[in-house]
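J.: no sequence on this one, just coordinates:
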């Protein structure tokens, strides 16, 4: 069993910054891509940013230049640094990880429970 736990969400004024963390634990042999997604009220979940084990990153156009993603492989942890936040960034942010199980070697996607980010104008 693999568990992802997000932290760092909250309420911030427009133009402010927040840092989200995602820690993976459990039956983990290896993690490939870790990413952040978000779902705003009434909208579908969308990719925000993702990062591979080797550090290659991919960002949604709407966060380029404002958000950065990083990870500590030894800690199975990923971070999302969000700056210049806008009210339209308000959403529940979810961590995702592509994990190889320690026991059977099976790859699967796992999701965290989500953390609320609210940006006031």
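T.: Arrived safely, thanks for sending. Given the structure is predicted, the values throughout are model-derived calculations rather than measurements.
J.: now residue 22, nearest residue through space, not along the chain?
T.: residue 95 (3.4 Å; Cβ to Cβ, 6 or more residues apart in numbering). Heads up, the C-betas are built off the backbone N, CA and C, glycines and all.
J.: what secondary structure does the one you found sit in?
T.: Here residue 95 is recorded as strand under DSSP: H, G, I helix; E, B strand; the rest coil.
J.: which ones are touching it?
T.: Neighbour list for residue 95: 4, 6, 20, 22, 34-36, 78, 111-112 [criterion: Cβ atoms under 8 Å, 6 or more residues apart in numbering].
J.: Mind doing that once more with 6 Å?
T.: Going by Cβ atoms under 6 Å, 6 or more residues apart in numbering, residue 95 touches 4, 6, 22, 112.
J.: Output those in CSV, with distance to residue 49 and neighbour count appended to each entry.
T.: CSV is the format used below for these (distance: Cβ to Cβ, whole Å; neighbours: other Cβ atoms under 10 Å):
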residue, distance to residue 49, neighbour count
4, 15, 23
6, 14, 22
22, 11, 25
112, 15, 21
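J.: out of these, what pair is the most spread apart?
T.: The largest separation in these, counting by Cβ to Cβ, is between 4 and 6 at 6.9 Å.
J.: What segments of this structure are strands?
T.: Using DSSP state E, the strands assigned to the chain run over residues 2-7, 10-13, 18-26, 28-39, 46-51, 57-59, 67-72, 77-82, 91-101, 107-111, 115-120.
J.: mean confidence for the shortest one?
T.: Within the predicted structure, the mean pLDDT of strand 57-59 is 98.
J.: Nearest residue to residue 70 in space, please, no chain neighbours.
T.: Distance criterion Cβ to Cβ, 6+ apart; nearest residue to residue 70, sequence neighbours excluded, is residue 79 at 4.9 Å.
J.: tally of neighbours for the nearest residue to residue 5 once chain neighbours are set aside?
T.: Taking Cβ to Cβ, 6+ apart, and ignoring the residues beside it in sequence, residue 5 has residue 23 as its nearest neighbour in space, at 5.2 Å. If you count neighbours by other Cβ atoms under 10 Å, residue 23 ends up with 16.
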